[in-house]
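[1] this is a predicted model, with the sequence first.
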Amino acid sequence: MDRRKFVQNSLGAGLLLAGTGHAAPAAARTLPEARTLHEARTLPEAWGLQLYTVRSLMARDVERTLASVARIGYGEVEFAGYFGRSPTEIRTALEAEGLAAPAAHLSLEELRSSFEEAVDAAAEIGHRYLVLPYLAGPERPGNDGATGSALVDGYRRLADEFNELGTRCGEAGLIFGYHNHDFELEEVNGLRLLDVMIENTDPELVTYEVDFYWLVHAGADPFDYFSRYPGRFQLCHVKDRTEDGGMADVGAGIIDFAAIFERSDDAGLIHYFVEHDAPADPMGSVRASFEHLDALDD
């Protein structure tokens, strides 16, 4: 994917970053000292994995890859394609390993042209969420040259379509979600485009899957979003960031997920999916990230 980069001029200013010496925001500092993550029930019963992380392995052998993911300790997975398997075959593979798949990523084109097929697959596999992971090409407002107010209006129209998709998902017993990258954090006429999307979508119809790497990479503050839009983020991508902007296994970067998870209730978080877009060793990355997260519950 071609992802635009933005200047991280506020990186670390409002975030609690592990090992950097930056101060925690007041909302995080004032949590009662005796309140542990486990006692506060801010950690999920099962950590999840976005299978995009191990897509090269899934392309070779879906069943074997899912078995390896389950052996590491993951209890949930999020799909980004089914790699030639039918919904029934996917359900069978999940059941064999005791895995749940509450969410799947689908492109806007798939949602527009094959919505009923997506709903049928979700019903068979057991998805609860259909998530739009990225806006590509002409789907993204601004790729037609629009700037300023015209660009903001494009995101408002997109929010209207999200509400329609949310309505259709709700009628099918599903929830529609949108996953951010960094381009939605661009500020136009004093407005962040992600804010335009959130504020113009009905919280009863649309949820958001916050990707912590891309949020931090764009210089935004997760705590600020949790405070301003409580309950709007039912899913998240647990993806770490190095000091120089690279992606890292969870726990090997600067994002302090323990502090973020203390605010899970504020955010509305229910499902937590580990992700790394391009790990050198996909299964090794998945294992290292799980071990770090699992230790948070000790």
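    Yep, that arrived. Numbers count the residues shown, from 1 in each chain.
[2] now tell me what touches stretch 93-105 from outside.
    Residues outside stretch 93-105 that contact it (C-beta atoms under 8 Å, 6 or more residues apart in numbering) are 46, 48, 50, 52, 62-63, 66-67, 69-70, 74-81, 85, 90, 118, 121-122, 125-133, 177, 179, 209, 235, 271, 273. The way it works is simple: take the backbone N, C-alpha and C, and place the C-beta from them, glycine included.
[3] mind giving me the PyMOL command for buried ones among those residues?
    Buried residues among these (16 or more other C-beta atoms under 10 Å), as a PyMOL selection:
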select buried, resi 48+50+52+62+63+66+69+70+74+75+76+77+78+79+80+81+85+90+118+121+122+125+127+128+129+130+131+132+133+177+179+209+235+271+273
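[4] just the ones in helices from the contacts of stretch 93-105, please.
    62-63, 66-67, 69-70, 90, 118, 121-122, 125 (DSSP state H).
[5] which residues of the chain fall in helices?
    In the chain, the segments counted as helices under DSSP H are 26-29, 37-40, 55-60, 62-72, 87-97, 108-113, 115-125, 148-171, 193-199, 212-217, 222-228, 257-261, 264-267, 282-295.
[6] of all these, which one is nearest residue 137?
    Smallest distance to residue 137 across the helices of the chain (C-beta to C-beta): 9.4 Å, for helix 108-113.
[7] what is that closest one packed up against?
    For helix 108-113, the packing partners by 3 or more C-beta pairs under 8 Å, 6 or more residues apart in numbering; DSSP states H and E come out as strand 129-132.
[8] most tightly surrounded among the helices of the chain?
    Among the helices of the chain, helix 212-217 has the highest mean neighbour count (mean count of other C-beta atoms under 10 Å), at a mean of 24.
[9] redo the helices of the chain as TSV? Include distance to residue 250 and mean pLDDT.
    Output for those, formatted as TSV (distance: least, C-beta to C-beta, whole Å; pLDDT from 0 to 100):
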stretch	distance to residue 250	mean pLDDT
helix 26-29	18	30
helix 37-40	15	41
helix 55-60	18	98
helix 62-72	13	98
helix 87-97	21	98
helix 108-113	28	98
helix 115-125	26	98
helix 148-171	29	98
helix 193-199	23	98
helix 212-217	10	98
helix 222-228	15	98
helix 257-261	7	97
helix 264-267	15	96
helix 282-295	4	98
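[10] mind putting those into a markdown table with distance to residue 245?
    Putting the helices of the chain into a markdown table (distance: least, C-beta to C-beta, whole Å) gives the following:
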| stretch | distance to residue 245 |
| --- | --- |
| helix 26-29 | 23 |
| helix 37-40 | 28 |
| helix 55-60 | 22 |
| helix 62-72 | 27 |
| helix 87-97 | 35 |
| helix 108-113 | 27 |
| helix 115-125 | 34 |
| helix 148-171 | 25 |
| helix 193-199 | 19 |
| helix 212-217 | 6 |
| helix 222-228 | 17 |
| helix 257-261 | 18 |
| helix 264-267 | 24 |
| helix 282-295 | 18 |
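[11] these: which one's closest to residue 185?
    Of all the helices of the chain, it is helix 193-199 that lies closest to residue 185, at 5.7 Å by C-beta to C-beta.
[12] quick one: the closest residue to residue 220 other than its chain neighbours from residue 198, how far?
    When the adjacent residues along the chain are set aside, residue 220 lies closest to residue 185, with 5.2 Å between them (C-beta to C-beta, 6 or more residues apart in numbering). From residue 185 over to residue 198 the distance is 12 Å, taken as C-beta to C-beta, to the nearest Å.
[13] again, but for residue 140
    When distance is defined by C-beta to C-beta, residue 140 is 17 Å away from residue 198.
[14] again with residue 208
    For residue 208, the distance to residue 198 equals 7 Å [C-beta to C-beta].
[15] which neighbours do those two have in common?
    Residues touching both residue 208 and residue 198 (C-beta under 8 Å, 6+ apart): 229, 232.
[16] and the pLDDT for residue 297?
    On pLDDT, residue 297 comes in at 80.
[17] then residue 36?
    Residue 36 carries a pLDDT value of 39.
[18] ok so, going back, residue 244 is nearest to which of the helices of the chain?
    Evaluated with C-beta to C-beta, these place helix 212-217 nearest to residue 244, the distance being 11.1 Å.
[19] got the CA coordinates for that closest one in PDB?
    Output in PDB follows, covering the C-alpha atoms of helix 212-217 (Å, rounded to 0.1, in the frame of the first residue of the first chain):
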ATOM      1  CA  PHE A 212      -1.900   2.700  17.300                       C
ATOM      2  CA  TYR A 213       1.200   2.700  15.100                       C
ATOM      3  CA  TRP A 214      -0.300   4.900  12.400                       C
ATOM      4  CA  LEU A 215      -2.000   7.200  15.000                       C
ATOM      5  CA  VAL A 216       1.400   7.800  16.800                       C
ATOM      6  CA  HIS A 217       3.300   7.900  13.500                       C
END
